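Prediction below, plus the sequence it came from.
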Amino acid sequence: MSFEESWGLLGPSDRNRFQYAARRLLRETFVVREKSEDSRREYRFISANMDLFTQYFSYIGYDIIRDPDNGVIMLKNCADLGENGKIQANRKLLRKYESLVLCSLWTLYADRMRSLTLEKTIIISVADLQFELEKYGLRDYIDRNMLREALKTLGRFNLVAVDGNVGDEDCRIRLYPSLQFALNTEEFRRFIEAAGKRMREDTSIGSEKELVTEEELGTDEEDESDES
């Protein structure tokens, strides 16, 4: 059945829900089922209409992928386009310190998942994150404001959620299962080796940017900072 035929079978309410969900995916990249009741409804609706979403996003060069075990739905550039065929629009460039915070959170998530049994919710403290950064000799290069901004950016893409003020002792960071899809092991190793060295050598780390993932962190907003 073509997209037009499938679309014609939807009622007005479901058409509105489809449009909302599609725009949300383009803006946030990930839908995480356990984030909230609204996210659960969104996840169920997309899951029930995967063929329709697949057809729609294929027109603009995206694959939509659902991982039911982790409760994550995500957008990726179409695999059959190859690296040279990937469209560069809707790609989020992260600053170096944001990239390194992402790498540290990814490591923490992977480590904690190995020790979990039935409980999949992972909550860490800011101290846990700072300790992970310290392993790479980078804790002194990322101040509290940088940490706050990095977590805010990653939260926009449903990778983490912060409960409290980053400067407070009782602040907690919830790690969502979408984190495991933001990096792969080899990509992580290459980035840490290169970016960690450059960060320690460079005093202007706040203004420089790195594209850290081969997954696209979609955004419909312009990055307001200056290109370096």
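Perfect, I can see it now.

Just the C-alpha atoms of stretch 142-155, please, in PDB.
Output of stretch 142-155 as PDB, limited to C-alpha atoms (Å, rounded to 0.1, in the frame of the first residue of the first chain):
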ATOM      1  CA  ILE A 142      35.000  21.200  32.100                       C
ATOM      2  CA  ASP A 143      33.500  23.500  34.600                       C
ATOM      3  CA  ARG A 144      30.100  23.500  36.200                       C
ATOM      4  CA  ASN A 145      28.500  25.800  33.600                       C
ATOM      5  CA  MET A 146      29.900  23.600  30.700                       C
ATOM      6  CA  LEU A 147      28.500  20.600  32.400                       C
ATOM      7  CA  ARG A 148      25.100  22.200  32.800                       C
ATOM      8  CA  GLU A 149      25.000  23.300  29.200                       C
ATOM      9  CA  ALA A 150      26.100  19.900  27.900                       C
ATOM     10  CA  LEU A 151      23.400  18.100  29.900                       C
ATOM     11  CA  LYS A 152      20.800  20.600  28.700                       C
ATOM     12  CA  THR A 153      21.800  19.900  25.100                       C
ATOM     13  CA  LEU A 154      21.800  16.100  25.500                       C
ATOM     14  CA  GLY A 155      18.500  16.300  27.300                       C
END
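
what comes up buried for it?
Ile142, Met146, Leu147, Arg148, Glu149, Ala150, Leu151, Thr153, Leu154, Gly155 (16 or more other Cβ atoms under 10 Å). Bear in mind the C-beta positions are built from the backbone N, C-alpha and C, glycine included.

Look at the second one and tell me its secondary structure.
Using DSSP: H, G, I helix; E, B strand; the rest coil, the three-state assignment for Met146 comes out as helix.

Distance from the chain centre to stretch 9-29, please.
20 Å (Cα atoms, centre = their mean, to the nearest Å).
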